[in-house]
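[1] Next one to model:
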Amino acid sequence: MPLHTNLLHMLSLHDGYRVGEYKRSLLPWSQGDSREIRYVHNFTDLKNQSVAAVGSTILLGQKLSESNNLNITFRKAANDDEAIKMLKDMQVQAVFTDGGWPLPSITRLHSDSGLALVEYDLPAQSPFVIVKRNYENMDAFNLKFLGSPNLLVTRPFKPNGEMGKRVAALQSCLLRHLEQLQEGRFQAAWKEIKSPNDTLGVTRFPGGK
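    Numbers count the residues shown, from 1 in each chain. Reported below is the predicted structural model:
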């Protein structure tokens, strides 16, 4: 049966990053850093830049970069905290992480954190989809995310065998209680399941009612 959609969450520095060689001016009235400031508002702004990627986003990012000729360099991060530290330390220009909405590592951030969410600004190729979501804590509204649908799958057990009966029981339980899961105090991602029998072309396991 279908589950929620994983969203590619991209973070950048709210105030941008500086490029070019830093040169200290000898003129007394010239102050500050004169290097150019560049911003990452959209996915395509990352062309020729570096990204800290968490988990499977490194493979997804490499595929997206290659198919769109963006020449992005990816550095593996052990978790979201490490990736964000790499971003704040100016080692990379963005962070890639994924998960269902709302993602805890994003909801704990605030608009004054110095970070900003990046919008996915390219068309989605099947099986990917474009999903619009809000993160009020980041002052991000109606932002476009690249989404990848999830499926709950099993090995092809014999429907009348011991394992097949267990799978069928789980399938039936989820279908019977889906409304409760969607309306109760559970993960908001349950609400994303609109057609529980739609397996996106994958053969459905027989037996669950």
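
[2] Look up the closest residue to the spatially most central residue of the chain, ignoring the ones flanking it.
    For the chain, the residue sitting closest to the mean C-alpha position, by CA atoms, centre = their mean, is Leu8 at 1.9 Å. Once flanking residues are discounted, Leu8 sits nearest to Leu146: 4.4 Å by CB to CB, 6 or more residues apart in numbering. Heads up, the C-betas are built off the backbone N, CA and C, glycines and all.

[3] which of the residues in whichever helix or strand the one you found is part of are buried?
    According to DSSP states H and E, Leu146 maps onto strand 140-151. In terms of neighbour count (16 or more other CB atoms under 10 Å), strand 140-151 has its buried residues at 140, 143-150.

[4] How about stretch 40-59?
    Applying 16+ other CB under 10 Å to stretch 40-59 flags 40, 43, 45-46, 49-55, 57-58 as buried.

[5] okay, how far is it across that stretch, tip to tip?
    Between the opening and closing residues of stretch 40-59 there is a gap of 21 Å (CA to CA, to the nearest Å).

[6] again with stretch 100-120
    Span of stretch 100-120 from end to end, CA to CA: 16 Å.

[7] And that stretch, what's buried?
    100-103, 105-106, 109, 115-120.

[8] Can you say which two of these are spatially most distant?
    Gly100 and Ala116 (20.9 Å; CB to CB).

[9] looking at the protein, which helix or strand is least sure?
    strand 17-19 (a mean of 79; mean pLDDT, DSSP states H and E).

[10] ok so, going back, in the next helix or strand after the strand holding Leu146, what's buried?
    Heading C-terminal from strand 140-151, the first helix or strand you meet, by DSSP H and E, is helix 162-176. Using 16+ other CB under 10 Å as the test for burial, helix 162-176 gives 164, 167-168, 171, 174.

[11] May I see those organised as a markdown table, with pLDDT and distance to Val19 added?
    A markdown table is the format used below for the buried residues of helix 162-176 (pLDDT from 0 to 100; distance: CB to CB, whole Å):
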| residue | pLDDT | distance to Val19 |
| --- | --- | --- |
| Gly164 | 95 | 59 |
| Val167 | 95 | 54 |
| Ala168 | 94 | 58 |
| Gln171 | 93 | 53 |
| Leu174 | 94 | 51 |
